[in-house]
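K.L.:
give me a model of this one.
(chains A, B and C)
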Amino acid sequence: MVAKGTLSYLWVLLKLNMKAALALRAAYAVRTIFNIGNHAIYLFLWVVIFKTIPSIGGWRMEHILIAYGLAILTWGLLSFFAAGLRTLPRQIDEGSLDVYLTNPRPLLMNIALGSTQYAGPAEIIFGLVVLTIAGHLTSVSIPLLIFLGLCAFIVFASLVLAYGSLGFWLKDYHASAEEMYFNFFIMATRPEAVFHNWMGWVIVTIMPIAFMTHIPLRALIDDNIYALGLTLFGTTLSAITAYAVFRTGLKRYESGNRFGVHG
Amino acid sequence: MSAISVQNLSKSFRIKKQTPGFSGTLKSFFKPDWQDVTALDNISFSIERGERVAFIGPNGAGKSTTIKILSGILNPSQGEVNVAGLTPWEERQRLSYEIGTVFGQRSQLWYHLPARDSFTLLASAYGLDKDTYASRLSQLTDAFDIADLLDKPVRQMSLGQRMRCEVVASFLHKPAILFLDEPTVGLDVSAKSVIRDLVYETSIEDGTTILLTSHDTGDMERVCDRVILIDEGQIVIDAPVSKLRSSYISRKIITLHMSVSDISFEMQGVEIAEKAPHKMVLNVDTSQQNVSTVIEKALSLASMRDISIEDPPMEDVLRSIYKNGQG
Amino acid sequence: MVRDNPQKMKSDYLKKLYVLYVFAKTSFDDHMGHRLRLFFRFVMCVFFMFVFIEFWRLIARENFIDLPFPVDDVCWYACLTQMMLFLSPRLFISIDQDVRSGDISYLLIRPISYIAMRVSEGIGAMSANALLYYTAGIACVGFYIGGLPSTGWVGLGTALFFLYLGSILHLMYQAISGITALWLQQAEAFYRIYQKILIVLGGLYMPIPLYPDWLYTLSKFTPVYVMMYGPAQFVLGWDNGESSAEILGLLLFWFAVTIFLLGWFYRACVSRLEVNGG
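P.N.:
A predicted model of the protein is given here:
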């Protein structure tokens, strides 16, 4: 009963998000063009790089396209289903969580979808187009790709949640957080071989971007079952860790030390 | 059973002290100074069902902190709290069905969408079925006169209109207890009075328990029957609003409209607060001087067109209470 | 007579300059006050710089191309360009917030130019960053690479000096991005495009002489050239680099153009707000 109520609440939230995006059609359309342009420029950079250097750590253009397609898809999914996670630091600063804390529905759901700002359908489509251009679309790989895309989304959402939750400790952190998310995105599209030695550990532990692109790529291109399991494991672990960081931060919010005396 | 009971509630925060100057900046960079601040110091009170209570006090007195603890947002450092039979910070979700909140500076409405959409969302959040929601909304729409606003994007509303919608949003699920934190802040005089009357009437109709914090004594006088005055984290006064004047005021304001243009008036315990041709306002300390004696003397000096006797404004009453409290 | 008094005009000018200095100083203090945030961001930047170093070491190891400069120099170069992105605060976000909250209409009527105020604040915050990045940051990079660039302290010092100036230019373009929120409801869309141009034409990923010729030439005609590649190339030990006089000249030219652009945007911004009534 409770679960059903929450699901229907989620549905109303999603509808409202769509409606809010449509309410600002013109601005939204311009933004979409800008966002796609922005991704296209970046892809172009890799074309230039691979013109100069044929292969980096075994990665060719095809790898970059898949990694980048996955990353854009992820970014789009996040913008559509959990845009509020990105603004978590600002929501904390503004005390918006107060309103959600007195709402009977799950806090994280309200944070993620309770305030619209971005909308991602265009980016989702662009990501799929890039993945299509990259090839590897077979009857086997399409379901696999959907699965890996979902995992990548969960990993990225977890990263955003975990690093955004630092806003419970750091004041005025919103701008820096956005910078982090952007850099995670960039790092996830770098060839895996770049992260060697201790860096390899960083990208599977405190900054688990490897589970977003690098490891799924092995599953997809090299048909590596082991990599598939690893992706699933990493995704789960990222989600659990991020939630734990968020809960810890929330404790601080509830203690009021975050704000001090306001009267 | 009371709606809210609070026993020995305390709350303290830890904040960083800023030192001025470049060397101060560098020093606090390497070794910041932490300071404990007590926001609430062992306060106790209880509120009966259907009671309307104002929580007032100067900035930083601990008003918002209290309301945040009662609505489950903040954890206290110490003490016991019971709201609608629940411990707020432990049973937050169950509590949310029992309470409504209006935070004057924070909106629960979606900025770019019509208010109706936000109401629909809240109805879904509180699991109201379609019919209940429809009848409740139409009842509140009539009461708050927002029929014209329902389909208007919130960003196009004036602050007063928006606040009416905010209050409707909080009343939607018929909460037993409503917390209002600075509900009239930033509103103009007429918008303020509209909000006050509506909150008052709806709370009578629904039997809602009200706890509101405010800087504005008008909120307290128009909406509440009891006032808790808090200063520096402690309760200074807990009394019926009507009693506040009689117990704490030793002043009356007498306005004289004279037939002559000017008189010279001197008397112990009487101050001339304002002077204009044919008009004089006297501030009388009733502990030193009887009001009737003052009027007799005035009449002996000149004939009067009109005389009025008033209590000083609530603002002044509170100011004098703070002053005595500190002294 | 009095109005044209040069002494008075000069003192008015100095007064305004002083006010801007106070804004910068306040922002500097504020930035230093948030030390956890400062450190956290710094640690991330250092990590990203190390990733760049590994990126180039990998390319050098695989030996597919002949680099015209020593690999350590390219590593230094990449670290400096990455550092440049972290040096300045994300100014466009503060302006975006002012626009969206409507505060901008109050800020615009102040006697001091709103944009000059925000840019000064940006410079203050950037200086706080520079204090940390130019000392501890450079030390980390030097340690990880295992030595100075082949141009030595002089090359490194020149690069850092010009990066600081280039970052001020970057702040001004951030200000322009921020103002676009008046038309787009959100500054981020425009900023991202600008940022990508900075990344590609500024040469974040690789020194632009490695690009195809036409792209290299295109880059030379943009302001991002003097924000990133121009300053950072002083650590590349090769003969074809630009002299500091050339970079300084280009910087001054772009400052003039950008200040003119900013003024134009500022006026457009004011008239737009007048139309909307705030």
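
K.L.:
what is the least confident helix or strand in the chain?
P.N.:
Here I'm looking at chain A. Of all helical and strand segments in chain A, the minimum by mean pLDDT, DSSP states H and E falls on helix A:25-52, at a mean of 83.

K.L.:
what's the answer for chain C, then?
P.N.:
helix C:104-108 (a mean of 77).

K.L.:
for that one, buried residues please.
P.N.:
By 16 or more other Cβ atoms under 10 Å in any protein chain shown, the buried positions in helix C:104-108 come out as C:104-105, C:108. Quick note: C-beta positions are derived from backbone N, CA and C, even for glycine.

K.L.:
try stretch B:98-116
P.N.:
So for stretch B:98-116, counting by 16+ other Cβ under 10 Å, buried means B:98-104, B:107-110, B:112-116.

K.L.:
in strands, which of the residues you listed fall?
P.N.:
Residues from the buried residues of stretch B:98-116 lying in strands, with DSSP state E as the criterion: B:99-103.

K.L.:
out of those, flag the one nearest to residue B:259.
P.N.:
residue B:102 (51.1 Å; Cβ to Cβ).

K.L.:
you'd agree the closest one is up against residue B:181?
P.N.:
Yes: at 6.8 Å, residue B:102 counts as touching residue B:181 under the criterion of Cβ atoms under 8 Å.

K.L.:
the residue nearest the centre of chain C: which element?
P.N.:
What sits nearest the mean C-alpha location of chain C, by Cα atoms, centre = their mean, is residue C:167, with 2.2 Å. Secondary structure assignment for residue C:167, by DSSP states H and E: helix C:152-179.

K.L.:
quick one: mean pLDDT for stretch C:74-90?
P.N.:
For stretch C:74-90, the mean per-residue pLDDT is 94.

K.L.:
just the CA trace of that stretch, in CSV.
P.N.:
Extracted in CSV, the C-alpha atoms of stretch C:74-90 (Å, rounded to 0.1, in the frame of the first residue of the first chain):
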residue,chain,number,x,y,z
VAL,C,74,54.2,18.2,-22.1
CYS,C,75,53.3,16.8,-18.7
TRP,C,76,54.0,20.2,-17.2
TYR,C,77,52.1,21.9,-19.9
ALA,C,78,49.0,19.7,-19.4
CYS,C,79,49.2,20.2,-15.6
LEU,C,80,49.3,24.0,-16.0
THR,C,81,46.3,24.0,-18.4
GLN,C,82,44.3,21.8,-16.1
MET,C,83,45.3,24.1,-13.1
MET,C,84,44.1,27.1,-15.1
LEU,C,85,40.6,25.6,-15.2
PHE,C,86,40.7,25.2,-11.4
LEU,C,87,42.3,28.6,-10.7
SER,C,88,39.3,30.8,-11.2
PRO,C,89,36.1,30.3,-9.3
ARG,C,90,32.9,29.5,-11.2
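
K.L.:
which strands and helices sit next to the helix or strand harbouring residue A:227?
P.N.:
Assigned by DSSP H and E, residue A:227 belongs to helix A:225-255. Here helix A:225-255 touches helix A:107-113, helix A:141-164, helix A:214-221, going by 3 or more Cβ pairs under 8 Å, 6 or more residues apart in numbering or on different chains; DSSP states H and E.

K.L.:
thank you kindly, that will do.
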